[in-house]
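**Q** kindly generate the corresponding structure for this input.
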Amino acid sequence: MQANFKTNLKNGLRNGFSVSIKLIKTIVPFYIAIDLLRHTQLANIIGNLLSPLMKPFGLTGKMAIAIISGYLVNLYAAIAALVPLNPTWQQVTIVGLMTGISHNLIIEGAILHKTGTNAFFTIVFRITVSIIAGLILAEYFRLVYG
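**A** Below is the predicted model of the structure:
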């Protein structure tokens, strides 16, 4: 029984370390890139262009980068892109909900295509549902928290 515990502990630590390294490889570069980007004129241009689209969600224009990162890559990329922008808890919740519904679309789209599923329809559906959910949650926050 003790040998089983040691084996499980060793495997658990190895797997935990492996997952941690993968997360670090995703989060750190995105965090650094967004932190550097937000101090440039390009970030202001992106923010100004996307601000009208993000306003109904209660988000700043620059936060569109976090949503796009989550949609295309994964949730960790969205988090890494969002944190340097100093979001409120409501903004984190809205971006989390939206990217939780619709994330990692490139890889999942390829997998769906290989399974014979209509990847285009599924991706459009997930994005649409995430947008509707984000708008509903933003409206809820406006009604409840002003």
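
**Q** pretty sure A77 contacts F30?
**A** Yes: with contacts counted by CB atoms under 8 Å, A77 reaches F30, the gap being 4.9 Å. The way it works is simple: take the backbone N, C-alpha and C, and place the C-beta from them, glycine included.

**Q** buried ones in stretch 134-146?
**A** 134, 137-138, 141 (16 or more other CB atoms under 10 Å).

**Q** next step: the residues you listed restricted to strands.
**A** Counting by DSSP state E, none of the members of the buried residues of stretch 134-146 fall within strands.

**Q** now intersect these with the helices, please.
**A** 134, 137-138, 141 (DSSP state H).

**Q** with distance to G116 added, can I get those in CSV?
**A** CSV is the format used below for these (distance: CB to CB, whole Å):
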residue, distance to G116
G134, 30
L137, 33
A138, 36
F141, 40
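
**Q** so which of those is the closest to K114?
**A** The closest of these to K114 turns out to be G134 (CB to CB; 29.2 Å).

**Q** report the separation between that closest one and V28.
**A** Computed as CB to CB, to the nearest Å, the G134 to V28 distance reads 27 Å.

**Q** ditto for P56
**A** 32 Å.
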